[in-house]
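1. What follows is a predicted protein model with its sequence.
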Amino acid sequence: MGQSVYQRVLGSDFEKLSPQLRPYFTGDSAGRPGLGSGVFTVAGLRRRILAPVMRYLAFQRILFPEFARAVPFDVVNTPRPDGSLRALRTFHLPERDRPLEDTMRVVDGRLHDFMGRRGGLEVRMALEIIDGNLRMSSVRQWLHLGTLRVRIPQLATVSVAESWVDDHQHVDVRLRSPVIGEWFRYAGSFSYRYEER
């Protein structure tokens, strides 16, 4: 198994990550899937006006229209032969389970996140390590329409904060737009291990 997408993008800066976070971002040397489970203190849509759009994005497994607190979740990170990393996150909301899918790839030395069942929304992420924690933020976006790749204005910014606090890994993902502010968020802590064989 080669280097993870995060190692390839961060290079020598990867060593600045806190030792507790490194196993998650390194991946398994044998290529086994990583399995996580935990609870999000908050998860979902914070601006109801966007619910109709979110219903379509839920069908695409990108976002969802519900909002809840204390949401159990599972994540499965699967390394692929092409060097990418596929993630399936399942939010166990009170009404129903909501799966979100994405695949991380290195494109021209940068991290690109292909979101949804077919990877139809592509987002370039900038990575930074601050005090041993990883911060990611969106810088460009594209839509994939059949064989076309169309750059679109950044209608929303995505920020991801990964940290280690009180013996747990924490993640905080926020989506914001200039006019309406923060409109989608999920944040919580989880435990993580690699699949046994």
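-> Looks like it came in fine. Residues are numbered from 1 along each chain as shown.

2. Next, the buried residues of the lengthiest helix in the chain.
-> In the chain, with assignment by DSSP state H, the single longest helix is helix 51-59. Residues 54, 57-58 are the ones in helix 51-59 that count as buried (16 or more other CB atoms under 10 Å). In short, each C-beta sits where N, CA and C put it, glycine included.

3. What of stretch 110-118?
-> 111-116.

4. Narrow those residues to those in strands?
-> 111-115 (DSSP state E).

5. if I pick the residue lying closest to Asp97 once chain neighbours are set aside, what's in contact with it?
-> In space, Asp97 comes closest to Thr90 once its chain neighbours are excluded; the distance is 5.5 Å by CB to CB, 6 or more residues apart in numbering. For Thr90, the contacting residues are 73-75, 97-100, by CB atoms under 8 Å, 6 or more residues apart in numbering.

6. Arg98 sits in which helix or strand?
-> Arg98 belongs to strand 97-107 when assigned by DSSP states H and E.

7. what stretches of this structure score poorly on pLDDT?
-> Under the criterion pLDDT under 70, the flagged ranges of the chain are 1, 197.

8. Please enumerate the helices of it.
-> Under the criterion DSSP H, helices of the chain are mapped to 5-10, 22-26, 51-59.

9. could the ones you listed go into JSON lines alongside distance to Pro153?
-> Formatted as JSON lines, the helices of the chain follow (distance: least, CB to CB, whole Å):
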{"stretch": "helix 5-10", "distance to Pro153": "24"}
{"stretch": "helix 22-26", "distance to Pro153": "30"}
{"stretch": "helix 51-59", "distance to Pro153": "16"}
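
10. wait, which of those helices is closest to Leu127?
-> Proximity to Leu127 (CB to CB) singles out helix 5-10 among the helices of the chain, at 5.8 Å.

11. Which elements pack onto that closest one?
-> Where contact means 3 or more CB pairs under 8 Å, 6 or more residues apart in numbering; DSSP states H and E, helix 5-10 is packed against helix 22-26, strand 97-107, strand 110-115, strand 121-130.

12. mind listing what the second one pairs with, with the direction of each?
-> Paired strands of strand 97-107, with direction, are strand 85-92 (antiparallel), strand 110-115 (antiparallel) (DSSP bridges).

13. would you list those strands in CSV and tack on distance to Thr147?
-> Output for those, formatted as CSV (distance: least, CB to CB, whole Å):
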stretch, distance to Thr147
strand 85-92, 22
strand 110-115, 15
